[in-house]
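In: fold the following.
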Amino acid sequence: KYTKALQQDPENFDLHFARGCAREGQGDFAGAMADFNECVKLRPDDSSYPRIYARLLRMRLGEPSAEFPQAIAGWTEVWVKTVGEFILGQIDETTLLAAAEKKDEEPVNGQRCEAYYYIGEMRLLQGDAVGARDAFQKSLATHQQDYYEYGFAKFELAQLNLAAKK
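Out: Take a look at the predicted model:
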């Protein structure tokens, strides 16, 4: 449905973002990254989450991403900047979780959902499937079903469970 809508409005940031999230949730990482990159092109100054998602996907696919550190340097939203710093390894899990407890632009429980998802992703990238599973479960335990990170955590947990059965 997003692809058809984008044929009518190819420069629609929201449609690219939504399709990117849908693709990521289905495991189409290259397609998701293409949509998130398009978001960055369309709104270079208003694309923190597409940049975060694209950075994680690049890390997963083993592709370099030199622009990310420069991009987050200019972010003014405290929470998303904190997430970016975590992904860059500038802060640890404890610091990210402490920041999630402080209301910024998202509700605290939403920030918790996001924090545990990002922790899970970083653990997964480091080869820690057990730690990743724990973090994804904690993300889902927030019950923030309207957050993209909730859906991503659900997908990742399902993939980990499938891998464990093999």
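
In: can you get me a residue count around Ala129?
Out: Ala129 has 15 neighbouring residues, counting by other CB atoms under 10 Å. Bear in mind the C-beta positions are built from the backbone N, C-alpha and C, glycine included.

In: got a list of what it touches?
Out: 123, 160, 163-164 (CB atoms under 8 Å, 6 or more residues apart in numbering).

In: and it, how close does it get to Cys113?
Out: 20 Å (CB to CB, to the nearest Å).

In: can you check Asp28 too?
Out: In terms of CB to CB, Asp28 sits 23 Å off from Cys113.

In: of those two, which one has the most company?
Out: Higher neighbour count among Asp28 and Cys113: Cys113, with 27 against 15, using other CB under 10 Å.

In: okay, and that one sits in which element?
Out: Here Cys113 sits within helix 108-125, counting by DSSP states H and E.

In: next one: Phe152
Out: Secondary structure assignment for Phe152, by DSSP H and E: helix 148-165.

In: tilt between that helix and helix 108-125?
Out: 40 degrees (axes from the mean of the first three to the mean of the last three CA atoms, to 10 degrees).

In: any idea of the mean pLDDT for helix 148-165?
Out: In this model, helix 148-165 has a mean pLDDT of 90.

In: do you know how far Val78 is from Glu93?
Out: From Val78 over to Glu93 (counting by CB to CB), the distance is 18 Å.

In: just want to know which of the two has more residues nearby.
Out: Neighbour count, other CB under 10 Å: between Val78 and Glu93, Glu93 has more, with 16 against 13.

In: OK, contacts around that one?
Out: 86, 119.

In: what about Val83, how many residues nearby?
Out: 26.

In: please report how far Leu124 lies from Ala132.
Out: Taking CB to CB, one finds Leu124 at 4 Å from Ala132.
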